[in-house]
Structure formats: C-alpha cells, structure tokens
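1. Sequence isn't available, so here's the structure alone:
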C-alpha cells in the first residue's frame, strides 16, 4: 500500500463538442495533476463517466494514459459492476505490467446482501493477479459494505489490500482502521472528510477535487500525513467551499466546470449527465478567482 499513500486523483474523461474523447485535453490533464504533486492516477472510475464509454473507448483511454504517464506514478484501474463473472473477465484482460492495482466498486443496482458482497469480492480476489482496493460508496450503489464484511475480506485475502471508503460513516471507518490487519489500509473516498480521516488513521484519498486543485490537495494530504495538522487545516478550510460547490449538482459535472474555467478541458459530459447550472457555474468561477490558481 506504500504506492497508494497520499493523493490519488480519479481522472475525468474530457470530451469534444461531438462527444468524442478529447485526447489532447486528457494529456493536458494528466500533466497538470502529475505536476501538481498527486501520488497516483485512478483511471476509469465513476468520475470518468465510464458507464457511458464503450469497451473500445475504455481500452483506448487506458492505453493513452499509460503512455502519457510513462511510469511516473502508479495507475489504479477501476473495474467493477453487478455481474461478478464479467468483472473477473475484464480483470483477466488487464496488462499487469501497466496497472498497479484494481479499484473495484461494490455491485450496484441489484443490491446484494453482505453474504453476496463477500462472495463477489472473494471470487474477484481468487481470480486476480493484481492487488485489489475495495470501493464502498453506498450513495451511488445503494448498498453499504459493513465494517465486518470489509474486515473479513481483508483477513481472508492477502491481495485485498485496502478500501476506498465513501460511506460518510466515520464510526464505521474508524472501526475498520482500529481492527484491520497490518498491510490493509483505508483511503478516503470523500474529499471533504480526508483531513479528519487521516487524523484517525487513513493513508490518503482518491480525490475528485484534485483534478482541479492538485497542488492544494496534495499539500494538505502531505502535511496531514506528516503530522502538521495546523498547516493541513489551513488548506482544508481554504478548499472546503470549493469542494461543496463541485458536488452540489453531482459529480463530475462540478469539477468539469472548474476544469473548463482553468482552461484544461471543455465542459462537456455525456448523457444522462449534464453541465451544472449557470448559477453554480458562476459560484465556481468566483471561488477559483479568489483562490488565485495559476496554471
């Protein structure tokens, strides 16, 4: 898990006006976040609008990011779904020399119980040669991976190395941190909770905000991990209103709006997602001007 300590960024997918993938802007984004100090890239997560990309587009995006990254930072690949066998088949297609770990979201829509969740991730762990980071985001999937299920998976499978926790349930997250084995770690999946979670034992974050504010977010995380909480708290509160705004009308609509204001990508999403309202767009622009962010 040393490779995943610090700030990971869940990359968005830039689109052209015809909704095709904008590779020029994607390259600009990769350079921007790496130069901003992030520790690793997360490719094809939910922030990438991956349900709207077909299999060929996904393969092309992964290949492109791997090439442009050029082994500068580790790459985590999002592979999840509600069909366990399909997830396993997708993992088998991965080039293990290019990808450091799998980030696998819990099954969505069909809402398995805790036994089903355990069996789903067990089957994936038994089939994968790559380490696996679980992803718990009940607000999107409709089902929570409980602390007891997470802990059982972490103890039964050596290649399940961590969890991105976005439940917002700090008591549940602290129970995992308190009772976990060495070698299994917790990563914040909520930008706004990253600082408090690091203070109780999380090792960092997989961030949406870091697409737009990689330097600030990486600095905050690094200060916190070094025990410099006064410095970390100052940056945390500097970013807090921006963080609220970019999630106010859903993700990644908010951060794509911010990235457009910063001149990195166009503010284009694929249906069913749409750009944020004009009112929210102006608020995001104003807070970026106050932050005095320079490319």
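-> Looks like it arrived, so ask away. As the structure is a computational prediction, the values presented were derived from the model and not from experiment.
2. What lies in contact with stretch 159-169?
-> 1, 4, 101, 103, 121, 125, 128, 130-139, 144-145, 150, 153-154, 172-173, 176, 183-190, 193, 197, 202-203, 206 (C-beta atoms under 8 Å, 6 or more residues apart in numbering). Where you see a C-beta, it was placed from the backbone N, CA and C, and this is true even at glycine.
3. Now, the residues you listed that are in strands?
-> Per DSSP state E, strands hold the following members of the contacts of stretch 159-169: 101, 103, 132, 133, 134, 135, 136, 185, 186, 187, 188, 206.
4. The stretch 101-250 of the chain: helices as residue ranges?
-> 114-127, 138-141, 147-156, 170-179, 194-199, 214-225, 229-247 (DSSP state H, counting those that start in this stretch).
5. Count residues in the vicinity of residue 111, would you?
-> Residue 111 has 14 neighbouring residues, counting by other C-beta atoms under 10 Å.
6. Compute the distance between it and residue 78, please.
-> Using C-beta to C-beta, to the nearest Å, residue 111 is found at 20 Å from residue 78.
7. Residue 29 too?
-> Distance, residue 29 to residue 78, by C-beta to C-beta: 16 Å.
8. With residue 96 instead?
-> Separation of residue 96 from residue 78 (C-beta to C-beta): 16 Å.
9. likewise residue 291?
-> Taken as C-beta to C-beta, the span from residue 291 to residue 78 is 29 Å.
10. Tell me which of the two has more neighbours.
-> residue 78 (24 against 15).
11. Just list the residues touching residue 201, thanks.
-> By C-beta under 8 Å, 6+ apart, the residues touching residue 201 are 174, 177, 178, 186.
12. Over to the residue nearest to the last one when sequence neighbours are not counted: give its phi and psi.
-> So the one you mean is residue 186. What sits nearest to residue 186 in space, not counting adjacent residues and going by C-beta to C-beta, 6 or more residues apart in numbering, is residue 202, at 4.7 Å. With angles defined as degrees, to the nearest 10, residue 202 sits at phi -70, psi 150.
13. what's the pLDDT at residue 90?
-> On the pLDDT scale, residue 90 is placed at 95.
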